[in-house]
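Q: Return a 3D structure for these sequence lines:
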Amino acid sequence: MGKPDQFTVSTKYWHKLDDGRVQCDLCPRFCKLHAGQRGLCFVRGNTGDEIVLTTYGRSSGYCIDPIEKKPLNHFLPGTPVLSFGTAGCNLACKFCQNWDISKSREIHTLTDAASPELIASAAKKLDCRSVAYTYNDPVIFHEYAIDVARACHEKGIKSVAVTAGYVCPEPRAEFFRYMDAANVDLKAFTDDFYHKITGSHLAPVLETLEYIKHETDVWLELTTLLIPGKNDSEQELDKMTAWVVEKLGPDVPMHFSAFHPDWKMQDIPPTPIATLIRACEIAMNNGVRYAYTGNVHNKAGDSTWCHQCGELLIGRDWYVLSDWKLTADGKCAACGTPCAGVFDARPGNWGAQRQPVRLSDFAA
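A: Take a look at the predicted model:
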């Protein structure tokens, strides 16, 4: 581990074991570490007989994205979000699309440094409505994400978590207390998939989803990356979407995204668009009101439709809003049915821009 530095901070979710090791209690992996060892996430480790976070204040880079890229289609549509991640991850997904960041074991991945106050100030100056903790899972930089969220809230900036939801109950409650919206990856609906392909388990993720929906005010959307032959059967999609409606309700948007060969699954072909469209049909037949296709160009699958009368509410072409037919209070202009979400009276106009940012430019 080396000696602590300015980017290393103490944490509180751990306990000592009788054999001299220290167990990390942040996520259900429960890494048991000898002195100097790091957990699977690589950013939390045993230094001085306690678990420390070694990447506090360091990032793999900052970028302004459209909020729809998280993806969040019902949270402040059209607005810019300042996005950043760190390094490492507490899952081991063989299909990871951000493997260069999430699987990084190189501190050089962390090229930019910023205090929570600097991030909040930059977001304000850049007219971002929110800050997203993304690219790798923010639960592993729990302390840093919470401090950034606190600083952002002081300036009226929302916080968005893009996460796999693999976290223990106590840190989960603290983490989501500071979040305003979350997109959670529901990677599949079998424990076999989770165990063999992500190195984790399904049950804690389902618990996180129910907790967010029923115990917090966090706006929730779900994403499932459909991988041919792995998690895309009609039977599995039927069970998953029925569970969502029963346990979370019909108003939680679901995004079905196309897989592209990457990392350790380059022998599997990309997901056909027909699979994504069929997934949306299955979801809506089970009562899901808002189902979307992702990672493909499909205007109909990108857009939001009134679940009552079928009228177009928010037209999207990739990340560009083409139509806006919501009233100022978030109802269908045609029939008056409320559309679930967090909306301004008017949409943003950020569009599809992706703008890299150096936070050092905003330092005093």
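
Q: quick check: longest strand of this structure.
A: When the chain is parsed with DSSP state E, its longest strand is strand 219-226.

Q: angle of the helix or strand just after that strand against strand 219-226?
A: Counting by DSSP states H and E, the next helix or strand C-terminal to strand 219-226 is helix 234-243. Counting by axes from the mean of the first three to the mean of the last three CA atoms, to 10 degrees, helix 234-243 lies at 170 degrees to strand 219-226.

Q: Summarise which helices and strands helix 234-243 is packed against.
A: The contact analysis (3 or more CB pairs under 8 Å, 6 or more residues apart in numbering; DSSP states H and E) places helix 234-243 against helix 273-285. Using the backbone N, CA and C atoms, a C-beta is placed for each residue, glycine as well.

Q: for the helix it packs on, packing partners?
A: Using 3+ CB pairs under 8 Å, 6+ apart, helix 273-285 sits against strand 219-226, helix 234-243, strand 254-258, strand 291-294, helix 299-302.

Q: Kindly recompute the last result at 6 Å.
A: Here helix 273-285 touches helix 234-243, strand 254-258, strand 291-294, going by 3 or more CB pairs under 6 Å, 6 or more residues apart in numbering; DSSP states H and E.

Q: roughly how far is the longest strand of the chain from the heart of the chain?
A: 8 Å (CA atoms, centre = their mean, to the nearest Å).

Q: Contacts for that strand next, please.
A: Under the contact criterion CB atoms under 6 Å, 6 or more residues apart in numbering, strand 219-226 has outside partners 72, 75, 181-186, 212-213, 232, 252-257, 259, 271, 275, 342.

Q: Show me which of those residues are buried.
A: Buried by 16 or more other CB atoms under 10 Å: 72, 75, 181-186, 212-213, 232, 252-257, 259, 271, 275, out of these.

Q: Quick one: the strands in the stretch 51-200 of the chain, in order.
A: 58-59, 61-66, 80-85, 112-113, 130-133, 158-163, 181-185 (DSSP state E, counting those that start in this stretch).

Q: Sheet partners, orientation included, of the last one?
A: Sheet neighbours of strand 181-185, with direction, are listed as strand 158-163 (parallel), strand 219-226 (parallel) (DSSP bridges).

Q: Single out the most deeply packed of those.
A: strand 158-163 (a mean of 26; mean count of other CB atoms under 10 Å).

Q: how far off strand 80-85 does it point, in degrees?
A: Strand 158-163 runs at 40 degrees relative to strand 80-85, counting by the same axes, to 10 degrees.

Q: Which residues does strand 158-163 contact?
A: 70, 130-134, 137-139, 149, 152, 179-184.

Q: try stretch 310-328
A: Residues outside stretch 310-328 that contact it (CB under 6 Å, 6+ apart): 66, 68-69, 77-78, 299, 302-306, 332-334, 339, 345, 347, 351-352.

Q: Start and end of that stretch, how far apart?
A: Taking CA to CA, to the nearest Å, the first and last residues of stretch 310-328 lie 19 Å apart.

Q: pull the helix or strand with minimum mean pLDDT from this protein.
A: Here the helix or strand of the chain ranked lowest by mean pLDDT, DSSP states H and E is helix 99-102, holding a mean of 48.

Q: any idea which residue sits dead centre in the protein?
A: By CA atoms, centre = their mean, the mean C-alpha position of the chain lies nearest to Val162, the distance being 1.2 Å.

Q: any idea how far the closest residue to His307 other than its chain neighbours is from Cys332?
A: Excluding the flanking residues, the one nearest His307 by CB to CB, 6 or more residues apart in numbering is Arg289, at 3.9 Å. According to CB to CB, to the nearest Å, Arg289 and Cys332 sit 12 Å apart.
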